[in-house]
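Peer 1: Structure of the sequence below:
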Amino acid sequence: MRFVDDDGQFGLLVSPSLGHRMFRFQFIVDGKLVGDSEGCIIGSVMTQLNNRPYIDDERLGLLDSDPAEFMELLAVDEYLHDSTIVSSVESLDRWTVYCYVWAGRFFIVAQEVSTRGDEPILVSSISEAAVEPIVDAARSYWLKSQ
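Peer 2: Residues are numbered from 1 along each chain as shown. Coordinates of the predicted model:
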């Protein structure tokens, strides 16, 4: 089941998979699927999405002007990295994904991990009010499908 914003630029794909309490979980970032389609346990990522971090740091503005520098900042700044990284779900093992609320907007930034280092940086930004029903619908579907 896909839960997406009106533009199809941000969303969640959640569907039951083989195995007890296993689900396919992927983000939709910049209109593209992020993560693999293998089954995984998604409770911790659903909790993280429900408790999105609010970050008040001017340096996050780098995302607009220099996305590569932004990714470097979040990789080296321990506080920013630890509070925004989405790493609690197995389907994202080959991805670096950050999510947070800044200046009243929800941001999700994703980049596939590669040895080449030239993978595109995907970004979705939507109003905090718009992200709430998407997360709520996906969470409700997940809880009912267990």
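Peer 1: Helix, strand or coil: sort out Tyr141 for me.
Peer 2: What DSSP: H, G, I helix; E, B strand; the rest coil gives for Tyr141 is helix.
Peer 1: wouldn't Arg94 be in contact with Val113 here?
Peer 2: Yes - applying Cβ atoms under 8 Å as the test, Arg94 and Val113 come out as touching, 5.3 Å apart. (Glycine included, C-beta is placed from N, CA and C.)
Peer 1: Do a quick rundown of the strands in this structure.
Peer 2: 2-4, 10-16, 23-29, 32-34, 39-40, 95-102, 105-112, 121-127 (DSSP state E).
Peer 1: among these, which is the most enclosed?
Peer 2: Neighbour counts (mean count of other Cβ atoms under 10 Å) averaged over each of these peak at strand 23-29, with a mean of 23.
Peer 1: what does that one rub up against?
Peer 2: 2, 4, 8-17, 33-42, 45, 89, 91-92, 97, 108-110, 122-124, 142, 145 (Cβ atoms under 8 Å, 6 or more residues apart in numbering).
Peer 1: How about stretch 7-20?
Peer 2: Contacts for stretch 7-20 (Cβ under 8 Å, 6+ apart): 1-5, 22-31, 33, 38-40, 42, 49, 106, 108, 124, 126, 131, 134-135, 138, 141-142, 145.
Peer 1: at 7 Å instead, please
Peer 2: 1-5, 23-31, 33, 39, 108, 124, 126, 134, 138, 141-142, 145 (Cβ atoms under 7 Å, 6 or more residues apart in numbering).
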